[in-house]
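1. Need a 3D model of the sequence below.
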Amino acid sequence: MIRQHVVRGMSAPVAGGLLLLLGCSGTGDVIPMNLTPKAPKDASGAVQLVKPMAGPRVTVVPFDDGRTDRTKVGSRSSMWGGETHFNVSSGSVGEETAQAFADYLKRKGWQAQYAKVAPTATEAAPDIVLSGKILELAVDAKHGVLLTDIEARSKVLIQASNRGDNSSLVRTDAHSGNHDNIFWFEPEDGADILSEVLEKNFERFVVNTKFEDQALRFR
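-> Next comes the predicted model:
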């Protein structure tokens, strides 16, 4: 959850000290991010388990990274000119995007799993293989006077390949979002909003498709 705080009754020396503390950051430092949101929990704090629904078996494989700059997924810039870069924890945006997609589908009840390598065509192979291409994925945090504004953008192409009849379908979606006036900015704030806009792409794909026998079709 994004943390937003209102600063009241802060003395000038304290405010000045915070400005120095929050504004100074090393140039070129890399901060890891996790694209998969934390599992939802119920009122007791236990992780909510979703029972898989009846349907075809789905495997999600790593996405291609089609971005011009693959060295990072954004940056945080300070008003003093310092800059730190964000990147995914594993270093592979394509793998983490696919893992996040598989996790999202499981939460929706799909019989989905992530595989680092595309499965071979055997009897045990999945009915549907989901792959894709990342066209844009970035989060930028701009630090001003005590507060930080965050903006995230995503554009993802998703392809479904049906094993039964060798058919396929492709859909591309783009989404963006922002959280302003963040006090005590932490990397997970950026990861949260980046996950949110990425999941919007997954959501649009799911609501615009349907299972037909053991295949995936557009509605």
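2. rest of the way, CA atoms for contacts and neighbours
-> Fine.
3. what's downstream of the helix or strand bottoming out on mean pLDDT in the chain, the next helix or strand?
-> Lowest by mean pLDDT, DSSP states H and E among the helices and strands of the chain is helix 12-23, with a mean of 39. Next helix or strand after helix 12-23 toward the C-terminus (DSSP states H and E): strand 29-33.
4. That next one pairs with which strands?
-> strand 83-88 (parallel) (DSSP bridges).
5. Averaged pLDDT, the partner strand. What do you get?
-> Strand 83-88 carries an average pLDDT of 86.
6. One more: stretch 111-130?
-> 89.
7. Give me the buried positions along it.
-> 111-115, 126-130 (16 or more other CA atoms under 10 Å).
8. Please apply the same query to stretch 148-167.
-> 148-163.
9. Sort those residues by pLDDT and name the bottom one.
-> Taken together, the buried residues of stretch 148-167 show their lowest pLDDT at T148, with 83.
10. which residue is nearest the centroid of the protein?
-> Nearest residue to the geometric centre of the chain (CA atoms, centre = their mean): S195, 3.1 Å.
11. secondary structure element for F205?
-> Using DSSP H and E, F205 falls in helix 187-207.
12. and that helix, what does it pack onto?
-> Other helices and strands packing on helix 187-207, by 3 or more CA pairs under 8 Å, 6 or more residues apart in numbering; DSSP states H and E, are strand 29-33, helix 93-107, strand 128-143, strand 148-162, strand 168-182.
13. how about 7 Å then?
-> When contacts are defined as 3 or more CA pairs under 7 Å, 6 or more residues apart in numbering; DSSP states H and E, helix 187-207 packs onto strand 148-162, strand 168-182.
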